[in-house]
Each structure stands twice: as C-alpha cells, then as structure tokens.
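>>> need a 3D model of the following:
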Amino acid sequence: MQVYKVGGAVRDRLLGLPVTDIDRVVVGATTEEMLAQGFRPVGADFPVFLHPKTGEEYALARTERKSGRGYGGFTFYASPEVTLEEDLIRRDLTINAMAEDDQQNLTDPYHGQRDLQARILRHVSPAFAEDPLRVLRVARFAARYAGLGFTVAPETLELMRQLSKSGELQALTAERSWKEISRALMEDQPQVFIQVLRDCGALEVLMPEVDALFGVPQPETHHPEIDTGLHTLSVLQQAALHKQPLTVRWACLLHDLGKGLTPQEQWPRHIAHEHTGLKLIKAVNERFKAPKDCHELALLVGQYHTHGHRALELKASTLLELLQSFDVYRRPQRFEEFIAACEMDARGRKGLEQRSYPQADYLRGAATAARGVAVQPLLEQGFKGPALGEALKRERLKALKAYKEAASG
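This is a model prediction of the structure:
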C-alpha cells in the first residue's frame, strides 16, 4: 500500500504557489484494508475515504470507462491491481497528472512538468473528450494561470471544440456548470474563462446570450472598444482587478445582454437595451440556477446601470424610485454592489480604465439622505398603514431634493 499526493497539490508546489487542497491516491489497497485502518468511507461513486485523525481525503487508485452521457456517465473500477500510471492517465491535464510520495519523489508519466515549464494546458489522453465538464475546467485553469503565461494547447482546444459540437455540454447539470462558472469568475482573470469558452464554441452552447454580444458595435464616443463582447470582457477584468464579489462579477457578465437583441439597422445605438435584456438575464440565471443574490443583482444591474451612469442628472423622483427598487432601507449592501457593478462598467472601456466615477459617492450620498428620514415623527403625527408609506415617500423626496440642491451648489 503506497500513498501519493496528486493533482493540484503537486502542480502548485512546482509552480511555487501556496498549496491549499491536498488530494491523495492510495495504490495497492482494498476498501477492507482502508476500513480496518479506521478510514471513514465517503462518496457513493467511487472509493474515497477520510483519514481517521486529519479528516483529509484518500482515494483508491481507479480507472474509469465511459458508460453514458455527461459528467456522471462513467463506470469506475478500483482494485489493488490498478497502477499509479493507470490512475493518472484518466485525469484532465498533464499538469494535473503528476504524483509525489512523502519524499517528494515525482512520478510524471505524461510530462506534466515539461508542460508546466512551457506554460501549456494540455490534455493527458484522448479520453479527455469523454467528459464535457472538462471544457469548463480547462477554461477555468486558463483564467487562473493566465497571469503566469499559460495558454491552452491547440490540440486540446480542438478536442474542446469537438465536445462543444457533440451535444455533451447540454448533458451537464445546472449545479455542476454553476460550480465551475462561479469558481472561474472568482479567478484573477475571469475574462480569459469566457474567451476560451468562446474560442472552442462552448460559449455559444452554454451562454448564447453572451456569445451574441461579440461583433455587436456600440457608439465609439462612449465605447472606444466598440465591440460589446470585448466591452463585457473588459468589465469582467475590471471587476477582478477591483476584487469584487461573485454577485458583482456575475452582474458584470450579464449587464448588456439586451444589446445582442438590437436590430442591425439600429446599430450602434441600443435603445432600451436595459429592458429588452431582462428576459435574457432571467433565462441565464434560471439555466444555471444562479443563487438568489446573484440572480437578483444581475437583473437590477441590467435594468438600472444606465441610471447609475446618469446619477448626477437624475431628478429627485427618479432617484427615489431607484433607491426603492433596491430596497436600500433594508438591504444597503445590494445597492453598494450595484454601484460597484456600474463603476466596473464605466471602467471597462478602452483607455478609460483609470477614470474617476463620481456617480458612486453621489449615489451613496443619496441613499444616506433617504435613509436619514425618521419614521417616528410621522407616527406621532398619526400616520399609519398606506398613508404612512406615502408620507414617508414624500419626506424622502424632500430629503433627496435638498441633497441634489446641496450637491449641485
């Protein structure tokens, strides 16, 4: 019975990066032997065990065979006869198919170290094309390691293209897809994830609404980059540079979907794209079962981001409607995330990445002014029920008019 560290722990140590997750493979052992040593079994699909003291995962060496569609369509075989090399060959990329023992002796049958040095993401074997989830995983790794100069090997990209055309991507569950998408969006360069999906044809299958933005022009005065798809990538890049949370990054990805529906004869203008895009944002949210906070913010940013950009020109009544739409009195954080998404949208334009965004502080000030209206005096005046709501609205409108006047003076 021999134990090896495998996958990301080996890869990241060789790259000189912090090692967070450690996966271990056990060669030459049976399930019974693991249980006898106090390991606790987990995982219904194949033999994975938790160490009795550390709680870390140990998996028996295994092989796998394609037996159906999608990510789950595999039959696994684990036995003491399965070698380390046989276990490693079923992995996705050569840089994830290395192992080391406790003395850090490297086992690298598929030249992962060579690809690490060459900064190449390359599949281990043709079996790569059996698992559609690997399209998303490779794109995610491309986003994670883009800053180190990694690119996807042309032959791997070709296999990803074949997978994208095969119909296998549609067999992925919403949960598995969202897990990869959400992790990829939180990488240092999430725009690379979207670009790689586009390069292999997967974006058109998974998010045709986002794919449709590429090649759609916008007015050059506001968008020097012109192309709406490139703008979306830049907005996502800004969101990562400014360490925005997942909710903001998801909203940044979807904020301009309405522009993909603009008839060509209206280009480069996109009248009312904020409203036409809502059904598309809703469709993408539902397709991947996005969490409620991501779902809601994406819709609100899609509908109101141009309000954010025009904040200083908005009438007090429009400002009040905006604040009410976000329920800033009970959910101030959501409005803060909206402001962040608007700022990323403004910065995600060629040559304008460093420009200031005074609308952010102006909107925060407006929210503070509206929230500053006290309810108690109105209660004391005898207002209650719907009448109280109307009185509160009137007082908030007054406060916003005073705020606007002070800000412009």
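
>>> so how far is residue 222 from the residue lying closest to residue 357 once chain neighbours are set aside?
In space, residue 357 comes closest to residue 343 once its chain neighbours are excluded; the distance is 4.5 Å by C-beta to C-beta, 6 or more residues apart in numbering. Where C-beta positions appear, they are placed from N, C-alpha and C, glycine not excepted. Distance, residue 343 to residue 222, by C-beta to C-beta, to the nearest Å: 15 Å.

>>> thinking again about what came up before, wait, the residue nearest to residue 357 sits on residue 361?
No - between residue 343 and residue 361 there is no contact under C-beta atoms under 8 Å: 10.5 Å.

>>> these two: which has the busier surroundings?
A count of neighbours by other C-beta atoms under 10 Å puts residue 343 above the other of residue 343 and residue 361, at 24 against 13.

>>> tell me which element that one is part of?
In this structure, residue 343 sits in helix 332-347 according to DSSP states H and E.

>>> equivalent analysis for residue 58, please.
Following DSSP H and E, one finds residue 58 within strand 57-60.

>>> that strand - contacts with which helices or strands?
Judged by 3 or more C-beta pairs under 8 Å, 6 or more residues apart in numbering; DSSP states H and E, strand 57-60 is in contact with strand 23-27, helix 31-36, strand 48-50.

>>> could you redo the last one with a cut-off of 7 Å?
For strand 57-60, the packing partners by 3 or more C-beta pairs under 7 Å, 6 or more residues apart in numbering; DSSP states H and E come out as strand 23-27, strand 48-50.

>>> closest to residue 181 out of these?
Of all the helices and strands packed on strand 57-60, it is strand 23-27 that lies closest to residue 181, at 22.2 Å by C-beta to C-beta.

>>> ok, residues contacting the closest one?
Residues from elsewhere that reach strand 23-27, judged by C-beta atoms under 7 Å, 6 or more residues apart in numbering: 1-9, 56-61, 83-84, 87, 99.

>>> now, of the residues you listed, which are buried?
Buried members of the contacts of strand 23-27, scored by 16 or more other C-beta atoms under 10 Å, are 4-9, 57-61, 84, 87, 99.

>>> list the buried residues of the helix or strand harbouring residue 239.
Using DSSP H and E, the element containing residue 239 is helix 228-241. Buried positions in helix 228-241, judged by neighbour count with 16+ other C-beta under 10 Å: 228-240.

>>> could you tell me the angle between it and helix 332-347?
Orientation of helix 228-241 against helix 332-347 (axes from the mean of the first three to the mean of the last three C-alpha atoms, to 10 degrees) gives an angle of 130 degrees.

>>> quick one: residues contacting residue 78.
The contact partners of residue 78, taken as C-beta under 7 Å, 6+ apart, are 46, 47, 60, 61, 62.

>>> hang on, the earlier thing: and the residue nearest to residue 357, how far from residue 228?
Distance, residue 343 to residue 228, by C-beta to C-beta: 19 Å.

>>> quick one, helices of the stretch 251-400 of the chain?
273-276, 278-287, 292-309, 316-325, 332-347, 359-371, 376-380, 385-408 (DSSP state H, counting those that start in this stretch).
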